[in-house]
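**Student:** next come a sequence and a model predicted from it.
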2 protein chains.
Amino acid sequence: MQIPQPYLLFLGDVSDPLSAKTARGIHAWRPDSCVGQMRLPGCEVSLELPDLTPLQAAQQGAKTFVLGTANAGGYIPQHWMDAITQAIKAGMNIASGLHQKLSDIPEITELAEQYGVALFDVRHQKPELSVGSGKKRTGQRVLTVGTDCAVGKMYTSLALEAALQEQGINAQFRATGQTGILVAGEGIPIDAVVSDFISGAAEWVSPDNDVDHWDIIEGQGSLFHPSYAGVSLGLLHGSQPDWLVMCHEMGRPHTRHLPHHPLVELEDCVYLNLYNARLTNPDVQLAGFSVNTSQYPEAEAKAYLAQISEQFGVPATDSVRFGLDSIASYLKQQSLLSAK
Amino acid sequence: MQIPQPYLLFLGDVSDPLSAKTARGIHAWRPDSCVGQMRLPGCEVSLELPDLTPLQAAQQGAKTFVLGTANAGGYIPQHWMDAITQAIKAGMNIASGLHQKLSDIPEITELAEQYGVALFDVRHQKPELSVGSGKKRTGQRVLTVGTDCAVGKMYTSLALEAALQEQGINAQFRATGQTGILVAGEGIPIDAVVSDFISGAAEWVSPDNDVDHWDIIEGQGSLFHPSYAGVSLGLLHGSQPDWLVMCHEMGRPHTRHLPHHPLVELEDCVYLNLYNARLTNPDVQLAGFSVNTSQYPEAEAKAYLAQISEQFGVPATDSVRFGLDSIASYLKQQSLLSAK
């Protein structure tokens, strides 16, 4: 299931920077895994990587050609086929986070077989799963949870991996969504598994490990989101986290896409996540808050974070503005204390 | 999606009564929908229905041939093919709750097309689903929830439908598992949908209805089961129940299939179900307890139920031993009170 790196990031012909979110995420978090970018005429986005043809990229060691942009409807347009074909002929595997499967396009599957390369449909590829067992596993686990969707759980998880590694901790990001999977090169798109296997998938994503190894597991949705809470709960139980990092956006008025539904209070969200997490790990604790404060001036943001930190007795930060060192230090300190 | 009734129930050649659970459930709850049974040589189970060939059953009005037994591994054995073929040739649709799909067997699909009959793989057939919206729908809703799997949620739902109908209430069972779907003729196997759509599927199962119409929704799993809680939570949110009926087994020592996991206390289970249900229906209330007391003498069972009823201030009964009239009466009384 491991997607071979490094990558050539294909940007297609997108004009909207948001559409290149996946490619941008891969480049931001795994710059050493990106040999270059490939753009078609009309593309108005750049990651400031060298523009390479598939052949040039392959010669520089690229192993996988990544469809790194979202397309309207999630389909692979006909005018991308030439680039994909070139990549396969240059010996590269193809990875895609789009809805339409590479493996459903005969032209691609036949050529891939002929050239002996692999196709990775990260939104669809799942291992043979079992239902969750709830049994305790070895190693340390942090799960990012949230008051809503799209409050920075993937970003926070990756930033926490980096901050913990800086402190000498053997931390590893564990992906549960398609962008995260392309960054990590492996993982399970947890919202795409059959619902019976949600917690089983979470157990698979974060297996037994060394006692001083830390999995930083990418959370999904929110226990308070009426559309996705089932996924969040199964992920929470299967992850059996030792620590939760609560992600939030300052001032967000209502649950995403549901204007009739006010956002949950932080206190209730922390409470319910800890309550449920105890089912599979009675020792779970809150490690801190990662808050998107970008809509507010710095002074207001700092005052808000200070107030949260005081209320809950753990660090509160904006991972983009102020970094995650405070949470990483807190985790290191607490785990040293509990090891004594 | 409606499976045409009445049925001819195919029992195959099972020797274990438990394997005929699906056929037995259909016959118990919808006797008027069962024209007869068909058994192969070696079958040691009988529902005391007339033994009919597919042709005889079709002549008596049977519309669908139901594979009503579980087979090891969920496969359709070769020696059942003759009966299935006869049924199709007699003009009957085929319905199956087995894992293996009828629609994956070319011999069956070709014959079905030739004779113009439909195939219902109830474990797999799902409508085009949307993610849940959490928006309030009209009509009354009761959801059965539980301390565990296999504590009688389907039985309780069907018994409550009958008890409410006896009291003149327009109640309708809503199925979320394969046996329930065969009983009702429609529904969604909620543990088989993609996890992103759990609450959306629950919303689909129980759409807007008349204000004096009651949906009795079949619950699944438990919020305290580490394997399946995600399904239970999505179903709870999507059902947006006005009333919960808590199902339980007296004296069960641990969560099903998980001997390392003690069963939750009733109080905690009621609390967490109500807490979560308020996300999509702030007015949700507990309607009573349906407890399997079959492992205990009647006097002990009655004392236990009386104690629960006093503790929570709602009826507590064993739906098999003592019926569900107490809960149906309570619901009728409460809804009359709140309508004033």
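**Tutor:** Noted; the coordinates are in hand.
**Student:** from here on, contacts and neighbour counts on C-alpha atoms
**Tutor:** Noted.
**Student:** show me which residues of chain A sit near chain B.
**Tutor:** For chain A, the residues in contact with chain B (Cα under 8 Å from any Cα of the partner chain) are A:131-135, A:190-200, A:224, A:226-234, A:237-238, A:258, A:260, A:279-280.
**Student:** in helices, which of the residues you listed appear?
**Tutor:** Among these, the members falling in helices (DSSP state H) are A:198-200, A:229-234, A:237-238.
**Student:** list the buried residues for stretch A:125-136?
**Tutor:** By 16 or more other Cα atoms under 10 Å in any protein chain shown, the buried positions in stretch A:125-136 come out as A:125-126, A:129, A:131-134.
**Student:** what does stretch A:1-17 give?
**Tutor:** A:3-14.
**Student:** that's a helix at A:Met38, yeah?
**Tutor:** No - A:Met38: not assigned to a helix; according to DSSP: H, G, I helix; E, B strand; the rest coil it is strand.
**Student:** doesn't A:Leu55 make contact with it?
**Tutor:** No - if you go by Cα atoms under 8 Å, A:Met38 and A:Leu55 don't touch, sitting 11.0 Å apart.
**Student:** of those two, who's got more company?
**Tutor:** Taking neighbours as other Cα atoms under 10 Å in any protein chain shown, A:Met38 and A:Leu55 compare with A:Met38 leading, 23 against 17.
**Student:** and the pLDDT at the more buried one?
**Tutor:** On pLDDT, A:Met38 comes in at 97.
**Student:** dump the residue contacts of it.
**Tutor:** By Cα atoms under 8 Å, 6 or more residues apart in numbering or on different chains, the contact list for A:Met38 reads A:8-12, A:51-54.
**Student:** redo that, cut-off 7 Å
**Tutor:** A:9-11, A:51-53 (Cα atoms under 7 Å, 6 or more residues apart in numbering or on different chains).
**Student:** just the ones in helices from those residues, please.
**Tutor:** Members of those lying in helices (criterion: DSSP H): none.
**Student:** mark which of those are part of strands, please.
**Tutor:** A:9-11 (DSSP state E).
**Student:** now A:Leu236. Nearest residue, chain neighbours left out?
**Tutor:** With Cα to Cα, 6 or more residues apart in numbering or on different chains as the criterion, A:Leu236 has its nearest non-adjacent residue at 6.0 Å, and that residue is A:Ala277.
**Student:** quick check: end-to-end length of stretch A:70-80?
**Tutor:** By Cα to Cα, to the nearest Å, the extent of stretch A:70-80 from end to end equals 13 Å.
**Student:** any idea how far the residue in the stretch 201-340 of chain A positioned nearest to chain B is from B:Ala201?
**Tutor:** Residue of the stretch 201-340 of chain A nearest chain B, by Cα to the nearest Cα: A:Gly230 (4.0 Å). As for A:Gly230, its distance to B:Ala201 is 12 Å (criterion: Cα to Cα).
**Student:** for the two, indicate the residue with more neighbours.
**Tutor:** Higher neighbour count among A:Gly230 and B:Ala201: A:Gly230, with 34 against 29, using other Cα under 10 Å.
**Student:** please parse chain A into its domains.
**Tutor:** A:7-121, A:140-339 (automatic domain parsing).
**Student:** circling back to that earlier point, hmm, B:Gly230 and the residue of the stretch 201-340 of chain A closest to chain B touching each other?
**Tutor:** Yes - the pair A:Gly230 and B:Gly230 qualifies as a contact (Cα atoms under 7 Å) at a distance of 4.0 Å.
**Student:** can you map out the strands along chain A?
**Tutor:** Going by DSSP E, chain A shows strands at A:7-12, A:34-39, A:64-67, A:93-96, A:119-121, A:140-146, A:170-174, A:213-217, A:243-249, A:285-292, A:316-317.
**Student:** take these and write them to TSV, including distance to B:Gly42.
**Tutor:** As requested, those are exported to TSV (distance: least, Cα to Cα, whole Å):
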stretch	distance to B:Gly42
strand A:7-12	61
strand A:34-39	65
strand A:64-67	57
strand A:93-96	53
strand A:119-121	47
strand A:140-146	54
strand A:170-174	52
strand A:213-217	53
strand A:243-249	57
strand A:285-292	58
strand A:316-317	69
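**Student:** to B:Asp215, which of those lies closest?
**Tutor:** strand A:140-146 (32.5 Å; Cα to Cα).
**Student:** give me the contact list for that closest one.
**Tutor:** So strand A:140-146 is contacted by A:153, A:157, A:211-219, A:221-222, A:241-248 (Cα under 7 Å, 6+ apart).
**Student:** going by neighbour count, which of those are buried?
**Tutor:** Buried among the contacts of strand A:140-146 (16+ other Cα under 10 Å): A:153, A:157, A:213-219, A:221-222, A:241-248.
**Student:** where does pLDDT dip in chain A?
**Tutor:** Applying pLDDT under 70 to chain A flags residues A:340.
**Student:** let's see 90
**Tutor:** Applying pLDDT under 90 to chain A picks out residues A:1, A:14-21, A:69-75, A:97, A:99, A:123-128, A:256-261, A:335-340.
**Student:** ok so, going back, got a quick PyMOL command for the buried subset of the residues of chain A next to chain B?
**Tutor:** A single PyMOL command selects the buried members of the residues of chain A next to chain B (16+ other Cα under 10 Å):
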select buried, chain A and resi 131+132+133+134+190+191+192+193+194+195+196+197+198+199+200+224+226+227+228+229+230+231+232+233+234+237+238+279+280
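**Student:** hmm, back to that, most tightly surrounded among the domains of chain A?
**Tutor:** domain A:140-339 (a mean of 21; mean count of other Cα atoms under 10 Å in any protein chain shown).
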